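*Asks:* Here is my input, please return the structure:
(one chain, ligands or ions: 2)
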Amino acid sequence: MDTNKYIPYQPVELKERTWPSKRLDHPPIWCSVDLRDGNQALIRPMDLDAKLSYFKMLVELGIKEIEIGFPAASDVEFQTARTLIEGGHIPEDVAIQVFVQARPHLIKKTFDAIKGAKHVIFHFYNSISPVQREVVFGSDIAGVTKLAVDAAALIRDIGKTFISEGMDLRYEYTPESFSASEPDVAIHICQEVLNTFGATPDRKVILNLPTTVENMLPNQFADLIEYFILNLPSRDCSIISVHPHNDRGCAIATAELAQLAGAERVEGTLFANGERTGNVDLITLALNLFSQGIDPKINCSDIVKIRQNYERITGMHVHERHPYAGQLVFTAFSGSHQDAINKSLHYRREHNISTWNIPYLPIDPADIGRRYDSIIRINSQSGKGGAAFVLETNYGFVLPKAMRPEFGAIIQKESERTGAELTAEDVFNIFSKEYIEVDGPYRLKEYKFDEKSFGDEHSLVSFTGLLTYEDKSYPISGSGNGPIDAFFNAVRNLSIANYHFVSYSEHAVSSGSDSRAAAYIQLQAPDGKMLFGVGLSHNIYMASIRGILCAINRGTKLQQA
Ligand code: KIV
Ligand code: ZN
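*Replies:* Numbers count the residues shown, from 1 in each chain. Ligands and ions are numbered 1, 2, ... in the order given. This next block holds a predicted model:
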């Protein structure tokens, strides 16, 4: 790899930069360039219908400035403009933006395309970098300045008629390859363009400053923007827009730091579609703001639908790890992550906390239409907390803390055995098979409880029943101060073996109108091992008895194994 080949970027000299101590506290003006910059980078560019659906989606997201294409470039592009305008598809509060090179015949054709529209941003550009000036155009600074100024004059002159006919017509100029150009040359050309339009603080012109190819660190770009703003004579007559591409993977940071440095507007696309590595992703920028408690003014409340529409229309795929939208970004695979999420979600619920402070989840997935139950999936790395969390959130079983390692180990073993990731349903089936469907070797055939109360505090419960074991029936009876105690004593009288009662907990499990009690019984087996049993019944007494029998049966089977 020949490093001598590459010329490092020379950052602008800015001694007293102010942007590092600024904060982002409001969204920028968003402009979508999906239908132009994004579209031109698709393997199969959108047809008219696709463009119309995409436009509708952008409108639904709340984006108010939408570049609809390059009307002078092709018939589809021209027809897109005409159909949107004539079909009444453009809401009152949305401006369409049309894109054109600084060339007279293309400018005229672009004006033909926008006839009848209410709010239009007329966006023209020419490249100004040294390599494009000299090598591509065989020109110089004066030459590219003249190109921009002549185009601005033509647009201004034709635009007058449109304005007089009632169009809200605004102008945007892009010095293409801005980030690869001398800052003072860019300032000079942009100022000439502002002068030509006669821009004023009441009639500002948008100056769109791209990293056409991202070639520097985001902080260097922020310096460049602050420098540009400081040195542009008619800054108050302009809106500073940025248009970051992502060649170094820093487009998000570039856009964010540029806003700190004074940029008021950001051009980008959904999910970063665009030339090469793409344009800056408006959804990520918006949700980054949202995660800081700032209303981004882009409605991402159904991100899955947005992603699906985007994928369907563009034929592109949103990566599984794409911020906020990727399939896996709210999925924790690591056991320690799951445990922390689980505990923090519980804590938040129990303490009625309205703010979001959950480890590993930068925002509440529900805010963007994603579901909690997809947060955790189980594999052999998931640990004890994950399986319990899945059972609780999906099926309403709240395992006692002491039972989680036991159940986690069962899940882990199964996951290792199959080598696969287990779904929530798999976890429930394993739980059910291990604890709820346990049938024998001990079975209770008949039973009866009698309860005598002595005042408020004390009662004596007697239990009688018939237990079977390997084709033999055993009448059992016992009493105690509660049903568990009575049944446990009855079983002990039969001397099934030396099980010791350790702990008990229960809760109601509801599904629809049906509510049953789940009882968790921890016993100590004769060999000293602790083990749990689970009982489920509409009757709370029966749930406890089933729990005890379940634990004994599990213990017996383990001994026999
Ligand atoms: O990336 C770029 O420089 C552009 C401009 C021409 C707007 O797309
Ligand atoms: Zn671009």
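
*Asks:* Distance of the residue in the stretch 401-550 of the chain positioned nearest to ligand 1 relative to residue 318?
*Replies:* Residue nearest to ligand 1 within the stretch 401-550 of the chain (CB to the nearest ligand atom): residue 421, separated by 40.9 Å. Bear in mind the C-beta positions are built from the backbone N, C-alpha and C, glycine included. Residue 421 sits 21 Å away from residue 318, going by CB to CB, to the nearest Å.

*Asks:* Neighbour count: the two, which is higher?
*Replies:* Legend: neighbour count by other CB atoms under 10 Å for residue 421 and residue 318, higher for residue 318 (23 against 15).

*Asks:* can you count the residues close to the residue of the stretch 1-150 of the chain found nearest ligand 1?
*Replies:* Using CB to the nearest ligand atom, residue 125 is the residue of the stretch 1-150 of the chain that sits closest to ligand 1, at 4.3 Å. Counted with other CB under 10 Å, the neighbours of residue 125 add up to 22.

*Asks:* Just list whatever residues bridge to it.
*Replies:* Taking DSSP bridges as the rule, residue 125 bridges to residue 101, residue 174.

*Asks:* So for it, what's the pLDDT?
*Replies:* On pLDDT, residue 125 comes in at 98.

*Asks:* likewise residue 237?
*Replies:* Looking at residue 237, the pLDDT reads 98.

*Asks:* Could you do the one 10 residues further on as well?
*Replies:* pLDDT, residue 247: 98.

*Asks:* What are the boundaries of the strands in the stretch 101-250 of the chain?
*Replies:* Residue ranges of the strands in the stretch 101-250 of the chain, as given by DSSP state E, counting those that start in this stretch, are 119-127, 168-176, 205-211, 238-244.

*Asks:* now the strands: where do they sit in the stretch 451-561 of the chain?
*Replies:* So, for the stretch 451-561 of the chain - with DSSP E, counting those that start in this stretch - the strands run 458-469, 472-480, 500-511, 514-524, 530-537.

*Asks:* can the ones you listed go into CSV with extra columns for mean pLDDT, mean neighbour count and distance to ligand 1?
*Replies:* Output for those, formatted as CSV (pLDDT from 0 to 100; neighbours: other CB atoms under 10 Å; distance: least, CB to the nearest ligand atom, whole Å):
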stretch, mean pLDDT, mean neighbour count, distance to ligand 1
strand 458-469, 89, 16, 80
strand 472-480, 90, 15, 80
strand 500-511, 89, 14, 54
strand 514-524, 93, 20, 60
strand 530-537, 96, 21, 61
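
*Asks:* Turn those into CSV, columns for distance to residue 111.
*Replies:* Below are these laid out as CSV (distance: least, CB to CB, whole Å):
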stretch, distance to residue 111
strand 458-469, 92
strand 472-480, 93
strand 500-511, 64
strand 514-524, 68
strand 530-537, 74
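
*Asks:* For the closest residue to residue 206 other than its chain neighbours, grab the count of nearby residues.
*Replies:* Ranked by CB to CB, 6 or more residues apart in numbering and with sequence neighbours excluded, the top spatial neighbour of residue 206 is residue 172, at 3.8 Å. Neighbour count for residue 172, taken as other CB under 10 Å: 24.

*Asks:* Residue 172 against residue 122, yeah?
*Replies:* Yes. Using CB atoms under 8 Å, residue 172 is in contact with residue 122, at 6.9 Å.

*Asks:* Which residues are in contact with each of these two?
*Replies:* Common neighbours of residue 172 and residue 122, counting by CB atoms under 8 Å, 6 or more residues apart in numbering, are residue 97.

*Asks:* Residue 389: which element?
*Replies:* Residue 389 is part of helix 383-395 when elements are defined by DSSP states H and E.

*Asks:* quick one, whichever helix or strand comes after that helix and helix 383-395 angle?
*Replies:* Remark: after helix 383-395, the chain's next helix or strand is helix 404-418, criterion DSSP H and E. If you take axes from the mean of the first three to the mean of the last three CA atoms, to 10 degrees, helix 404-418 sits at 90 degrees to helix 383-395.

*Asks:* any idea how far helix 404-418 is from the chain center?
*Replies:* For helix 404-418, the separation from the chain centroid amounts to 30 Å (computed by CA atoms, centre = their mean, to the nearest Å).

*Asks:* One more: stretch 258-276?
*Replies:* The answer for stretch 258-276 is 18 Å, by CA atoms, centre = their mean.

*Asks:* same deal with stretch 174-191?
*Replies:* Counting by CA atoms, centre = their mean, stretch 174-191 is centred 36 Å from the centre of its parent chain.

*Asks:* cool, stretch 183-195 as well?
*Replies:* In terms of CA atoms, centre = their mean, the centre of stretch 183-195 is set 39 Å apart from its chain centre.

*Asks:* Please name the residues that touch the most centrally placed residue in the chain.
*Replies:* The centre of the chain sits closest to residue 324, judged by CA atoms, centre = their mean, with a distance of 1.8 Å. Going by CB under 8 Å, 6+ apart, residue 324 touches 283, 284, 287, 300, 303, 363, 368.

*Asks:* For burial, what's the neighbour tally of the last one?
*Replies:* Other residues near residue 368 come to 20 when the count uses other CB under 10 Å.

*Asks:* show me what contacts it?
*Replies:* Applying CB under 8 Å, 6+ apart, we find residue 368 in contact with 287, 300, 301, 302, 303, 324.

*Asks:* do you know how far it is from ligand 1?
*Replies:* Distance of residue 368 to ligand 1, given as CB to the nearest ligand atom, to the nearest Å: 28 Å.

*Asks:* What pLDDT does the model give that residue?
*Replies:* Predicted confidence (pLDDT) for residue 368: 98.

*Asks:* ditto for the second one
*Replies:* On pLDDT, residue 284 comes in at 98.

*Asks:* And it, its phi and psi?
*Replies:* When read as degrees, to the nearest 10, the backbone of residue 284 gives phi -60, psi -40.

*Asks:* Compare the strands of the stretch 451-561 of the chain and give me the one nearest residue 110.
*Replies:* strand 500-511 (61.2 Å; CB to CB).

*Asks:* which ones are touching the closest residue to residue 282 other than its chain neighbours?
*Replies:* Nearest residue to residue 282, sequence neighbours excluded (CB to CB, 6+ apart): residue 268, at 4.4 Å. Taking CB under 8 Å, 6+ apart as the contact definition, residue 268 lies against 30-33, 243-244, 251, 255, 274, 279-282, 285.

*Asks:* Tell me the strands beside the helix or strand hosting residue 268, with direction?
*Replies:* According to DSSP H and E, residue 268 maps onto strand 265-268. In the sheet, strand 265-268 lines up against strand 29-32 (parallel), strand 238-244 (parallel) (DSSP bridges).

*Asks:* So which bits of the stretch 201-350 of the chain are right by ligand 1?
*Replies:* Counting by CB under 6 Å from any ligand atom, the residues of the stretch 201-350 of the chain close to ligand 1 are 208, 210, 212, 243, 245.

*Asks:* Return the closest of those with respect to residue 162.
*Replies:* Comparing those against residue 162 with CB to CB places residue 208 closest, at 20.6 Å.

*Asks:* for the closest one, which residues make a bridge with it?
*Replies:* Note on residue 208: beta-bridge partners residue 241, judged by DSSP bridges.

*Asks:* Report the separation between it and residue 509.
*Replies:* According to CB to CB, residue 208 and residue 509 sit 59 Å apart.

*Asks:* Show me which positions of stretch 361-374 end up buried.
*Replies:* Buried residues in stretch 361-374, counted by 16 or more other CB atoms under 10 Å: 361, 362, 363, 365, 368, 370, 372.

*Asks:* ditto for stretch 48-56
*Replies:* Buried, per 16+ other CB under 10 Å, within stretch 48-56: 50, 51, 52, 54, 55.

*Asks:* Secondary structure and pLDDT for the residues you listed - can I get that in CSV?
*Replies:* Compiled in CSV, the buried residues of stretch 48-56 are given as follows (DSSP: H, G, I helix; E, B strand; the rest coil; pLDDT from 0 to 100):
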residue, secondary structure, pLDDT
50, helix, 98
51, helix, 98
52, helix, 98
54, helix, 98
55, helix, 98
